[in-house]
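Chemist: mind folding the following:
(chains A, B and C)
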Amino acid sequence: MLASNGNFLKDCWYVAAMSQEVSTKPLGRTLLERAVVLFRTEEGAVVALNDRCPHRFVPLSLGKVIGSSIQCTYHGLRFGPNGSCIHNPHGKVAQRLRIDAYPTIERYGYIWIWFGDPSKSDPSTLPNMPLLEREEEFTFVRGVLSVNANYELVTDNLLDLSHIEYLHPALARAEGVEGQKVEFFRENDTVIANRWKPNNSLSTFARLFWDCPPSSGDGRANIRWQPPAFLYLDIGVTEVGGKVEEGVCTPSIHLLTPATPFRTHYFWAQGRNRRLNDSEFDRKLWEMTDRIFRTEDKLVIEAQQASLGESADLLSMRPLLLEPDAPAMMARRILSQRISAEAAAESAEP
Amino acid sequence: MLASNGNFLKDCWYVAAMSQEVSTKPLGRTLLERAVVLFRTEEGAVVALNDRCPHRFVPLSLGKVIGSSIQCTYHGLRFGPNGSCIHNPHGKVAQRLRIDAYPTIERYGYIWIWFGDPSKSDPSTLPNMPLLEREEEFTFVRGVLSVNANYELVTDNLLDLSHIEYLHPALARAEGVEGQKVEFFRENDTVIANRWKPNNSLSTFARLFWDCPPSSGDGRANIRWQPPAFLYLDIGVTEVGGKVEEGVCTPSIHLLTPATPFRTHYFWAQGRNRRLNDSEFDRKLWEMTDRIFRTEDKLVIEAQQASLGESADLLSMRPLLLEPDAPAMMARRILSQRISAEAAAESAEP
Amino acid sequence: MLASNGNFLKDCWYVAAMSQEVSTKPLGRTLLERAVVLFRTEEGAVVALNDRCPHRFVPLSLGKVIGSSIQCTYHGLRFGPNGSCIHNPHGKVAQRLRIDAYPTIERYGYIWIWFGDPSKSDPSTLPNMPLLEREEEFTFVRGVLSVNANYELVTDNLLDLSHIEYLHPALARAEGVEGQKVEFFRENDTVIANRWKPNNSLSTFARLFWDCPPSSGDGRANIRWQPPAFLYLDIGVTEVGGKVEEGVCTPSIHLLTPATPFRTHYFWAQGRNRRLNDSEFDRKLWEMTDRIFRTEDKLVIEAQQASLGESADLLSMRPLLLEPDAPAMMARRILSQRISAEAAAESAEP
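Modeler: Down below sits the predicted model:
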């Protein structure tokens, strides 16, 4: 097993949980190899602490929230939002009775957490995901999967969408990848991979959004990645020659948080600009999306990790790369440089 | 994983099983990292042998008892109470066909086993537990749990009973630990930790033993530990100002046997001086006690071990100790000294 | 865990699967520590390839057969029977896009595979098992078990059939091993262990094949082993003094293929010269044989491996050997010499 904390970018926000997962009932979750407890105070503020009582190392997530603190289930120590002990039933509250607290922000329906230098935890560095806030125009369903694989394998999956035609029967079109137009490029640290499928058949998935689907349309699958592992996927279909604004848009957001080098929390949000405010359709779309990710993507990604064994480094295995791997390789290079730069800056600090 | 046989005290009796667990149907159990088979001969004598046939290493516990011997299920070799082969269906009985046998005693409803120097296996060194033999005055129910944690974490649990007020709703009183009087001390190698709770509310558990429970009473929770891991807990309630002899006494015995550095056989006996000879109450008390140990104590102790990872040594993790940890620390120190002394004596032998 | 490819004989045929297991639906199986995918082309030919796409290391066995090729489920690369890529939907078919292919033969109802030097993969070196092709005289039922133990422990099991009288109540006779006549010898690289049981009671199993079983008969259990792990067992009973040809013959074939040093594919075929072409009896015999192997042999063999721990080498544990171990020890010696000779020849190659 690799000692691989150093393989994660630290000075950035990661998704710790969907907003709806965090309540006054504590949630224990492993994030970047750290045990973290997440909870809301009785006033509703989100708190993230190291999930180990410093007294006897019992997870605080087994305890309960009292006011704005969490009480250890074993001997009753209570810790406040900044990690310091606020009550010791067995004696005085010593200075040393404290645990690490992590900065958090609640935004876009997610709880974001910062594991790097707290002085750099600037909310303005959150990724920009305006679609999640345009509720008049888009409805999203959301989920989270636990994938037993390194998070970069999930990034690779998303940055090479040619796999759609082979892995996902419900998303594939009759034409396969033949005749797709592709372009890959980077803009600063963002990687972009666009695919157009003009005058193609519609996938089973695309048909769901039309009352009367056209026999063919102009499809697209455009994806953008930014470090460490945030992806925005613009999938859509218009009538042949039609305008994007008038067609079906089914954008999706993919936010990956490493639990360990070998396990990933995969937060997804699947949106649409049709059939808004339709809870029955929400349920159907949630089930379909969850099923595709869980039984198709997760299956091959975990099988890849199993082939790699106890290595988190795909490239050390010398895969035979094809043209559509270019964006994923760009992203891996950017991330690797960012992690190296961060490590260099850290070791240069006085 | 630690090579840690040396971390166990050897020259002492450990509980191998409850008497009722051992019959002519062999029982295989790991004790102090040794595979042991326990059985009764057809005459009723208890035998403890290494649970590996020396021929092909199949566990003898898969075999069957014939007379006073156990027959290997694979090729029919039979071994007697002292470990020597008494029948080889395939040839003559060679001297070398023998396995280790361990001294045992049956007492207090338990089978005790000795892994140290057999010449020192003196029955008089058994711990003294007279209550288990005062059947006119006390009825006990008994059980055994397998706890996936180092046995000293279980000792720690019992030597700091302040946890009762946080971990065990059925045992807690409204007052919590506030106002408890405590004293900790050692007498030779015995550690004593006493808690008094004068004029307190009664716990749900305590109320079970009264037909008409008083609204408050004088409670106590006094525990004694002796090496390696035998604990006697005197819990009881009297009417306010009443005499101990006239109140409810619910003593319990806790006997811990390491299976490995990371797994413990936890033998418990829960007694009472009320509602004697009431089998329906026995069943209810057994279920309640088992549930508390299994879903509350076992839960946090195993979570502690998970936090410690592949270390059996809590102290190397530098826990922040509180006042009520004093008795557990005394016990750890005594045990550590005893183990060191034993190892020193062993290496000094000619 | 041992790196132990070198412990397997390579220049020989191993059973990869029963014929009936291999179809146009790909089968992934670990054989000699290699991930292998087995399938039939649409024309019916059997193909065995490395079960990892060289692009992203996803198992090809998750994909599907198209014509005479297998298509990776992830990005659609297709590989033909010789392992070379025949279709790359994303660009040209580069020379480097190829995976290992293994020679196979279909014979005796099995798919045989060759992992050694392909130039030596001579079909004439297949073991000779004529009974499996005398369908007029014998009916066989077949199965495969996965045994979590080194394959030589399974060989040991079969080469010492004295265990029948202890481990298998349905196969044992009242007389036990007493009075059995035995002979062990080798003929070149074949080891032979014969047991005769003249004028003995009949086992429950033997009685199944007679409409009116005699109260006693002349039994035999003769086994032949050849490297690496092919065993032919001639079990049968005649009336006392009767001729073998006129009695009940229940021959069985045991073919062992290492998955890893600690897991074995155990292919068995149980035959009979009575109650031929009786599908109800087939079912009954299959269930009985499967149950015996699964709940009796597999149980003790896996318990042996558990005793050995992470060692695949029984002899390093210094078992106390008995006379009936002689044939198994002969076989181990022959196999060890063959593996050493093969390794020596390999390292001598220019």
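Chemist: check what pLDDT residue A:312 gets.
Modeler: Residue A:312 carries a pLDDT value of 76.
Chemist: next, count neighbours for it.
Modeler: Neighbouring residues of residue A:312 were enumerated by other Cβ atoms under 10 Å in any protein chain shown; the total is 20. Yep, even glycine has a C-beta here, placed from its N, CA and C like the rest.
Chemist: assumed it was part of a helix.
Modeler: No: Residue A:312 sits outside any helix when classified using DSSP: H, G, I helix; E, B strand; the rest coil, being coil.
Chemist: ok, it touching residue A:263?
Modeler: No: counting by Cβ atoms under 8 Å, residue A:312 stays clear of residue A:263, with 10.5 Å between them.
Chemist: can you give me the buried ones in stretch A:83-90?
Modeler: A:83, A:85, A:86, A:88, A:89, A:90 (16 or more other Cβ atoms under 10 Å in any protein chain shown).
Chemist: try stretch A:21-35
Modeler: A:22, A:26, A:27, A:29, A:30, A:31, A:32, A:33, A:34, A:35.
Chemist: start to end distance for that stretch?
Modeler: Taking Cα to Cα, to the nearest Å, stretch A:21-35 runs 17 Å from one end to the other.
Chemist: residue A:256 touches residue A:264, doesn't it?
Modeler: Yes: applying Cβ under 8 Å, one finds residue A:256 in contact with residue A:264, separated by 5.5 Å.
Chemist: which residues do those two both contact?
Modeler: Overlap of the contact sets of residue A:256 and residue A:264 (by Cβ atoms under 8 Å, 6 or more residues apart in numbering or on different chains) consists of A:151, A:154.
Chemist: residue contacts, the residue in the stretch 151-300 of chain A positioned nearest to chain C?
Modeler: Residue of the stretch 151-300 of chain A nearest chain C, by Cβ to the nearest Cβ: residue A:166 (4.3 Å). For residue A:166, the contact set (Cβ under 8 Å, 6+ apart) comprises A:172, C:71, C:72, C:73, C:74, C:75, C:76.
Chemist: state the helix or strand in which it lies.
Modeler: Using DSSP states H and E, the element containing residue A:166 is helix A:164-167.
Chemist: and what of residue A:300?
Modeler: helix A:298-308.
Chemist: please export the C-alpha coordinates of the next helix or strand after that helix as PDB.
Modeler: Later in the chain than helix A:298-308, the nearest helix or strand by DSSP H and E is helix A:326-348. Provided in PDB are the C-alpha atoms of helix A:326-348 (Å, rounded to 0.1, in the frame of the first residue of the first chain):
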ATOM      1  CA  ALA A 326      -5.100  12.800 -24.900                       C
ATOM      2  CA  PRO A 327      -7.400  14.900 -22.600                       C
ATOM      3  CA  ALA A 328      -7.100  12.500 -19.700                       C
ATOM      4  CA  MET A 329      -3.300  12.600 -20.100                       C
ATOM      5  CA  MET A 330      -3.400  16.400 -20.200                       C
ATOM      6  CA  ALA A 331      -5.400  16.400 -16.900                       C
ATOM      7  CA  ARG A 332      -3.100  13.900 -15.300                       C
ATOM      8  CA  ARG A 333      -0.100  16.100 -16.200                       C
ATOM      9  CA  ILE A 334      -1.700  19.300 -14.900                       C
ATOM     10  CA  LEU A 335      -2.700  17.700 -11.700                       C
ATOM     11  CA  SER A 336       0.700  16.100 -11.200                       C
ATOM     12  CA  GLN A 337       2.400  19.500 -11.800                       C
ATOM     13  CA  ARG A 338       0.100  21.200  -9.300                       C
ATOM     14  CA  ILE A 339       0.700  18.600  -6.700                       C
ATOM     15  CA  SER A 340       4.500  18.900  -7.200                       C
ATOM     16  CA  ALA A 341       4.400  22.700  -7.100                       C
ATOM     17  CA  GLU A 342       2.400  22.600  -3.900                       C
ATOM     18  CA  ALA A 343       4.900  20.100  -2.300                       C
ATOM     19  CA  ALA A 344       7.800  22.300  -3.400                       C
ATOM     20  CA  ALA A 345       6.200  25.400  -2.000                       C
ATOM     21  CA  GLU A 346       5.500  23.600   1.300                       C
ATOM     22  CA  SER A 347       9.100  22.400   1.700                       C
ATOM     23  CA  ALA A 348      10.400  25.900   0.900                       C
END
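Chemist: buried sites along helix A:326-348?
Modeler: A:326, A:327, A:328, A:329, A:330, A:331, A:332, A:334, A:335, A:338, A:339, A:342.
Chemist: identify all contacting residues around that helix.
Modeler: Here helix A:326-348 has contacts from A:6-11, A:116, A:152, A:155-156, A:159-160, A:184, A:186, A:189, A:191-193, A:223, A:225, A:227-228, A:315, A:321, using Cβ under 8 Å, 6+ apart.
Chemist: quick one: mean pLDDT over it.
Modeler: Averaged across helix A:326-348, pLDDT comes to 94.
Chemist: now swap in stretch A:119-138 and tell me
Modeler: The average pLDDT within stretch A:119-138 is 94.
Chemist: then stretch A:98-109?
Modeler: Mean pLDDT, stretch A:98-109: 97.
Chemist: can you list the buried residues in it?
Modeler: By neighbour count with 16+ other Cβ under 10 Å, stretch A:98-109 contains the buried residues A:98, A:99, A:100, A:101, A:102, A:103, A:104, A:105, A:107, A:108, A:109.
Chemist: how close does the second one sit to residue B:131?
Modeler: For residue A:99, the distance to residue B:131 (Cβ to Cβ, to the nearest Å) stands at 42 Å.
Chemist: also the fifth one?
Modeler: The spacing between residue A:102 and residue B:131, counted by Cβ to Cβ, is 51 Å.
Chemist: need the strands for the stretch 151-300 of chain A, in chain order.
Modeler: For the stretch 151-300 of chain A, the strands defined by DSSP state E, counting those that start in this stretch cover A:181-187, A:190-200, A:217-226, A:230-239, A:248-249, A:252-260, A:263-272.
Chemist: for chain B, find the nearest of those.
Modeler: strand A:252-260 (13.1 Å).
Chemist: list the contacts of that closest one.
Modeler: Contacts of strand A:252-260 (Cβ under 8 Å, 6+ apart): A:8, A:14-16, A:29-33, A:110, A:129, A:131-132, A:140, A:146, A:150-151, A:154-155, A:158, A:228-233, A:235, A:264-271, A:289.
Chemist: what residues are up against the residue of the stretch 1-150 of chain A found nearest chain C?
Modeler: Closest contact between the stretch 1-150 of chain A and chain C, by Cβ to the nearest Cβ, is at residue A:149 (11.3 Å). By Cβ under 8 Å, 6+ apart, the contact set of residue A:149 is A:262, A:263, A:264, A:301, A:302, A:304, A:305.
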